[in-house]
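1. Generate coordinates for the sequence data below:
(one chain, ligands or ions: 2)
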Amino acid sequence: MELSIEFFPPKTPEGENKLRLVRERLSEELKPAFYSVTFGAGGSTQSGTLKVVSDIHAAGASVAPHLSCVGSSRDSVREMLKQYQALGIKRIVALRGDLPSGMGQYGEFHHANELVEFIRLETGDWFHIDVAAYPESHPQAKSPASDIGFFVQKMKAGANSAVTQYFYNSDAYFRFVDEAYDLGVTQPIIPGIMPITNSTQLLRFSDACGAEIPRWIRLRLQSYGDDTASIRAFGEEVVTDLCDQLLSVGAPGIHFYSLNQADAVLGITENLNLPS
Ligand SMILES: NC(=O)C1=CN([C@@H]2O[C@H](COP(=O)(O)OP(=O)(O)OC[C@H]3O[C@@H](n4cnc5c(N)ncnc54)[C@H](O)[C@@H]3O)[C@@H](O)[C@H]2O)C=CC1
Ligand SMILES: Nc1nc(=O)c2c([nH]1)NC[C@@H]1CN(c3ccc(C(=O)N[C@@H](CCC(=O)O)C(=O)O)cc3)CN21
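-> Numbers count the residues shown, from 1 in each chain. Ligands and ions are numbered 1, 2, ... in the order given. I've put the predicted structure just below:
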């Protein structure tokens, strides 16, 4: 069972220092298999990603930068791959990414499967490639069946594993994994888990990315108002139960969307009685 943890590139030097302390704590307590670092979310740049990635790599931990391809040229993606290879990075999260709103589809890549193929063509087996999976369907999907078909295509293009969008309904994950395996996927599909610490932020982001917050969770969160202690305690219980269910049925690991915070992740993992 592998744990992994996602960060986003901080926008300020204070944020960078805080993240270093957060990562040191998480490394000491959990020894995660790898950290991932987003690119693009909230307007972050590839140079912000590179900076955090270099920092984590220099500290001796395994790290996987997100690489998104939409709107990029083959040349620019090739340069980034070379840069990461030169640093000694061995793992990458390959995503289509999103164009800033209002911009049309342009560039030399249209979907993540093309990026996976390109990375294999350019760099052979150098990188362990992770791709994204959507147990509740990607928001732009034409149908659940076409979405899972494209997911399978992306895995068969040469991905080593997948990490899911977060969800609070484990049945959606189990069904997705069963269907993917029926369609010939053999690689691990790791559940992505979003701790609950801030209800306004969670509700806003979930709406935008197509993750459902079940009514009973939403109503509970609303009933706590700005009582953050109650929100955190409730969130920790709910997300611990979710992880328990996933692991008891054999999920291959857990990928935490930490939002650069250690406390919520550590609260959950302490409850889980993980083998050390
Ligand atoms: N940072 C993270 O951990 C996560 C980020 N995301 C974001 O979600 C966005 C989507 O990226 P990916 O999942 O990599 O995109 P993707 O290219 O796999 O899929 C995007 C959409 O296109 C459709 N599609 C996929 N392949 C297709 C093909 N060959 N032909 C026609 N349609 C196809 C899919 O059904 C889906 O609706 C990105 O912006 C990514 O940053 C999503 C989940 C996690
Ligand atoms: N479509 C999609 N894009 C992503 O980038 C993404 C996902 N889904 N799902 C999994 C994780 C979750 N990610 C997230 C989720 C929330 C924030 C967020 O709430 N950001 C705050 C700023 C955070 C802060 O500075 O504290 C925001 O207001 O945007 C960021 C990345 C990145 N990942």
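2. Going by C-alpha atoms from here, please, whenever you check contacts or count neighbours.
-> Noted.
3. Contact partners for residue 183?
-> If you count contacts by C-alpha atoms under 8 Å, 6 or more residues apart in numbering, residue 183 has them with residue 152.
4. Now do the residue lying farthest from the centre of the chain against residue 217, distance only.
-> Distance from the centre of the chain peaks at residue 223, with 29.0 Å (C-alpha atoms, centre = their mean). Using C-alpha to C-alpha, to the nearest Å, we find residue 223 at a distance of 10 Å from residue 217.
5. Got the phi and psi for residue 136?
-> Backbone torsions of residue 136, given as degrees, to the nearest 10, read phi -100, psi 20.
6. Look at it and report its pLDDT.
-> Per-residue confidence (pLDDT) for residue 136: 97.
7. quick one: the closest residue to it other than its chain neighbours from residue 30, how far?
-> Using C-alpha to C-alpha, 6 or more residues apart in numbering and skipping residues adjacent in sequence, the residue nearest residue 136 is residue 172, 6.2 Å away. Going from residue 172 to residue 30 by C-alpha to C-alpha gives 27 Å.
8. And for residue 259?
-> On the measure of C-alpha to C-alpha, residue 259 and residue 30 end up 17 Å apart.
9. buried sites along stretch 246-257?
-> For stretch 246-257, a neighbour-count test (16 or more other C-alpha atoms under 10 Å) marks 246-247, 251, 253-257 as buried.
10. for the residues you listed, which one is nearest ligand 1?
-> Lowest distance from ligand 1 to the buried residues of stretch 246-257 (C-alpha to the nearest ligand atom) belongs to residue 257, with 7.6 Å.
11. what's near enough to touch the closest one?
-> 5-7, 192-195.
12. Is it possible to get TSV of these that adds pLDDT, distance to ligand 2 and secondary structure?
-> Shown next, in TSV, are the contacts of residue 257 (pLDDT from 0 to 100; distance: C-alpha to the nearest ligand atom, whole Å; DSSP: H, G, I helix; E, B strand; the rest coil):
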residue	pLDDT	distance to ligand 2	secondary structure
5	98	11	strand
6	98	8	strand
7	98	8	strand
192	98	7	strand
193	98	8	strand
194	98	7	coil
195	98	10	coil
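13. from these, which is closest to residue 213?
-> Minimum distance to residue 213 across these is 11.2 Å, recorded for residue 194 (C-alpha to C-alpha).
14. Check the stretch 51-200 of the chain for the residue nearest ligand 2 and tell me.
-> Residue nearest to ligand 2 within the stretch 51-200 of the chain: residue 165 (5.1 Å; C-alpha to the nearest ligand atom).
15. which stretches of the stretch 101-250 of the chain form strands?
-> Using DSSP state E, counting those that start in this stretch, the strands of the stretch 101-250 of the chain run over 128-133, 161-164, 189-190, 192-193.
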